[in-house]
Each structure stands twice: as C-alpha cells, then as structure tokens.
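Visitor: Quick one, structure for this:
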Amino acid sequence: MDNFVSYNPTALHFGKGVIDKLSETIPQYGKRVLFVYGKGSVKRSGLYDKIMSQLLKSGMEVFEYEGIKPNPKVDDVDAAAVIGREKNVDVILAVGGGSVIDSAKIISITIPVNHSAWDFYTYRAKPKVSVPLIAVLTLAATGTEMNPFAVLQNEKTGRKDGYRSDLIFPRHSFLDPEVTYSVPANYTAYGISDLIAHCFENYFSKGDCSLSDRFIFSIINDAVEWGPKLMNNLCGYDERAAIMYDATMALNLLTSNGKDGGDWGVHGMGHILSLLYEVPHGASLSIVFPAWMKLHCERAGERISRLGKNIFGTSDVDETIASFEAFFEQIGSPVRLSQVGIGADKHEAIIHLWIRNKAEGGNFKLKEYDYRKLIELMA
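Guide: Predicted coordinates for the structure are as follows:
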C-alpha cells in the first residue's frame, strides 16, 4: 500500500429539501455573490428562481455569469473571473453539473490574480488563495462536488486537461436527488458511465490497497444494480439518490487512498473525443474503457479477472469485458465510435492529439502502436 494523506474539507448536504438551507450557509462567507450556471436548464427547471429568491431574501448582492458550456472552456472562466474581480465578490455559488462546478472551481482561484486561468494548467502560476465556493449539483456524474479536481478545455491550444489543488474543494455542496429528475435519459446514462470509469481509473493504478479496492467494487456493484432501475424510472427518488451518492463516493478520494494516484489514461483519451467532436464526457469513457481493457488483457489480466469476479461473478477476462459492454449498452451509453458518428476518416486526427496531449496513462503506459490497436477496438 502506498503512503497517502487523507483530506476532504467539503461539507456535503444530501437529501430532499437541502437546497432550502442555502440561505443559512452562503451568508457565512459574505454578501456579494457570483452566481455561475449553464446555458438554460437551471432556469427552465425553476431552480434558478428558487435559489435567487433565497439569495435576495437573505440580502445578498448577486452578480451572474450564465452560459457555462458542457465541455467547459477557459474563455468562460476568464470572463467570469473578471466579473468576480471587478465586483469584489465574497463567495461563488455554482449551480449545475460537472462543467459548471469545475469552471467555478477555477474561477475561484483566478479572481484573486491578474492572469488567465490557463496559467495554472501550464504551471506558469500556482494559486495561493481562493474565493469560497458553494456548489449545488444538478447532474450525478463527475464527483466534482466533493473533490479538488477541475477539467478545462483550451480550444486555442487544442488541449483539455485536469487540474488539482486543495484550494478548489467546494466549502459546501448541496445534493438533492429530486433536482436531477429533469436530467434526460442520455445524460443520466453518461453520468453512470462516468462514475464507473472513475472507479476503474483508481482500480487500475500502480498502488495496491485491498480496502480501497473493496470500496471500488461496492460502488460499481451499487451502480450496476441501481443504474438500470433508474433508466426505467427517471423520476424515482431512491434510484436518483443511489446513483447520486455513488457518483460522489467514486471520486471524493475515498477510492484513491493507497492507490498511487490512479491511471487516468482513458480519461485523457476521452477528453480528446470531447475536444474534437463534442462527445459527452461519460459517453467517451464508455467507448474507450472496454477497448482499453481488451488491449490490456495480458498486462492487466489478473486485475480484470478480479474485477469480473467481484462485479459479475466471473473470473473470465473476456466475459468480464463483454459484461461491462453489455451493461453500458443496456443503460444507453455508447461503446463504439460509430455510435457517436465518428468514422475511420477521423482516426488519425484522434491519434495525433492523443500523442500530442500525452494521453498515455500513469500505470499502463500507452505508445503509438497501442493507440492504433485501441482505435480499431473502439471503431
């Protein structure tokens, strides 16, 4: 087992009606609020009005940044940070899914400085302070609501990268499963794929920690049980609650203790599919991971076998991979590039950016010949 430091300062508020407590929490951090959200679903669902009413009744002065995109872009982060800087905000309120909360995390460390957020991603700058962040989660998927990670896309440089800093943990995150009733079936499925992929990334790491592996098996088993139930009942509270909790636990550092940071090669490759062709993040992962496991049948055969035994009751590697593919297809998440409209004519562009962005993984290192085999398996 590798050495590790366990630290998670986020207060998680989970369950029906917890959002009604925002008015008690936000004033602890000040009166001037930067309210960050996406492209319109928050308003259509009525959540915007509900939250704004609480803010105004609490005497908050609210400044808004609307329009964070599904694959979050550094230009939006920089623009929102300018507003936060000019208005001297005390606290950020992010209402949305992973893209909104990831963006808000980086906004929180960009407001106090006078350079682009991308300088953090290129390590030209290191954050020293952050504006407190409160999150309201509307999509169960990335686990960003309780971790120190954030992904951003820079279209000018052709990169989509992750960043980690303890300064970007949300101070509080509010998770009401009822808020996710309006999430459509496809993005519900992509969220389930995403949380399982997070478990995979830590499971296939260099480190060996039996208890962390047992956490991983439990989370995946829960998602495999509740995922199909949710897809058949999108407004089921118990179903939404189970998947929402699974997604948070899958990437709040619980599964990474003693695991040497995970592999994350599949995430790196999935980011390129999102960057080039706007493939939803979770969908990119359900496409890449089964192919990645097929590629690693020999190198990671023992791990895949152990995974299959604990999830599907089979130690057969091929059967394990086929079972995961069948599960992703059952819930409606793609497992082939062709299912998202990406043909063979796009393969070279994808491989080129995989190489350029060093999407090689931390444990099972990938080379160009691996990418070529992998993309054939994904086709």
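Visitor: Need the residue closest to the centroid of this structure.
Guide: The residue lying closest to the centre of the chain (Cα atoms, centre = their mean) is Thr142, at 2.4 Å.
Visitor: for it, what are its contacts?
Guide: Thr142 makes contact with Gly97, Gly98, Ile101, Asp102, Asp194, His198, Ala247, Leu251, His281 under the criterion Cβ atoms under 8 Å, 6 or more residues apart in numbering. (Glycine included, C-beta is placed from N, CA and C.)
Visitor: And it, what's its pLDDT?
Guide: Model confidence at Thr142, expressed as pLDDT, equals 95.
Visitor: how close does it get to Gly97?
Guide: Applying Cβ to Cβ, to the nearest Å, the value for Thr142 to Gly97 is 7 Å.
Visitor: In helices only, show me the contacts of Thr142.
Guide: Secondary structure from DSSP state H places Gly98, Ile101, Asp102, Asp194, His198, Ala247, His281 of the contacts of Thr142 in helices.
Visitor: List just the nearest of these to Lys50.
Guide: For the ones in helices among the contacts of Thr142, the closest approach to Lys50 (Cβ to Cβ) belongs to Ile101, at 18.2 Å.
Visitor: By mean pLDDT, point me to the weakest helix or strand of the protein.
Guide: The helix or strand of the chain with the poorest confidence is helix 41-44; it has a mean of 89 (mean pLDDT, DSSP states H and E).
Visitor: Quick check: which helices or strands does the next helix-or-strand element following that helix pack against?
Guide: Moving toward the C-terminus from helix 41-44, the first helix or strand encountered (DSSP states H and E) is helix 47-57. Counting contacts by 3 or more Cβ pairs under 8 Å, 6 or more residues apart in numbering; DSSP states H and E, helix 47-57 is packed against helix 22-25, strand 32-37, strand 61-66, strand 91-96.
Visitor: circling back to that earlier point, for the residue nearest to the centre of the chain, helix, strand, or coil?
Guide: Of the three states, Thr142 takes coil under DSSP: H, G, I helix; E, B strand; the rest coil.
Visitor: Ok, Glu298 next?
Guide: Following three-state DSSP, we place Glu298 in the coil state.
Visitor: got it, and Phe4?
Guide: Using three-state DSSP, the structure places Phe4 in coil.
Visitor: how close does it sit to Leu254?
Guide: When distances are taken as Cβ to Cβ, Phe4 and Leu254 turn out to be 11 Å apart.
Visitor: okay, those two: which has more neighbours?
Guide: Legend: neighbour count by other Cβ atoms under 10 Å for Phe4 and Leu254, higher for Leu254 (20 against 16).
Visitor: Check the secondary structure at the closest residue to the more buried one other than its chain neighbours for me.
Guide: Excluding the flanking residues, the one nearest Leu254 by Cβ to Cβ, 6 or more residues apart in numbering is Phe215, at 5.6 Å. At Phe215, secondary structure determined by three-state DSSP is helix.
Visitor: Report how many residues lie close to Phe215.
Guide: As a burial measure, Phe215 scores 19 neighbours (other Cβ under 10 Å).
Visitor: need the contact list for it.
Guide: When contacts are counted by Cβ under 8 Å, 6+ apart, Phe215 is found next to Met249, Leu254, Thr255.
Visitor: Skip the chain neighbours and tell me the closest residue to the last one.
Guide: Across the structure, with Cβ to Cβ, 6+ apart as the measure, the residue nearest Thr255 apart from its sequence neighbours is Asn202 (4.6 Å).
Visitor: Equivalent analysis for Gly227, please.
Guide: Excluding the flanking residues, the one nearest Gly227 by Cβ to Cβ, 6+ apart is Ile192, at 4.5 Å.
Visitor: Would you mind measuring from that neighbour to Val113?
Guide: Applying Cβ to Cβ, one obtains 37 Å for the distance of Ile192 from Val113.
Visitor: Compare these two and say which one has the larger neighbour count.
Guide: Counting neighbours by other Cβ under 10 Å for Ile192 and for Val113 shows that Ile192 has the greater number, 29 against 16.
Visitor: and stretch 295-313, C-alpha only, in PDB?
Guide: What follows is stretch 295-313 as a C-alpha-only set of coordinates in PDB (Å, rounded to 0.1, in the frame of the first residue of the first chain):
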ATOM      1  CA  LEU A 295      -5.900  -4.000 -25.200                       C
ATOM      2  CA  HIS A 296      -4.600  -4.900 -21.700                       C
ATOM      3  CA  CYS A 297      -5.900  -8.400 -21.500                       C
ATOM      4  CA  GLU A 298      -2.400  -9.700 -20.900                       C
ATOM      5  CA  ARG A 299      -0.900  -6.800 -19.000                       C
ATOM      6  CA  ALA A 300      -3.800  -6.300 -16.600                       C
ATOM      7  CA  GLY A 301      -5.500  -9.700 -16.900                       C
ATOM      8  CA  GLU A 302      -5.300 -10.600 -13.200                       C
ATOM      9  CA  ARG A 303      -6.900  -7.200 -12.300                       C
ATOM     10  CA  ILE A 304      -9.700  -7.600 -14.900                       C
ATOM     11  CA  SER A 305     -10.300 -11.100 -13.700                       C
ATOM     12  CA  ARG A 306     -10.600 -10.000 -10.100                       C
ATOM     13  CA  LEU A 307     -12.900  -7.100 -11.100                       C
ATOM     14  CA  GLY A 308     -15.200  -9.500 -13.000                       C
ATOM     15  CA  LYS A 309     -15.400 -11.900 -10.100                       C
ATOM     16  CA  ASN A 310     -16.400  -9.200  -7.700                       C
ATOM     17  CA  ILE A 311     -18.900  -7.500 -10.100                       C
ATOM     18  CA  PHE A 312     -20.400 -10.200 -12.300                       C
ATOM     19  CA  GLY A 313     -19.300 -13.400 -10.600                       C
END
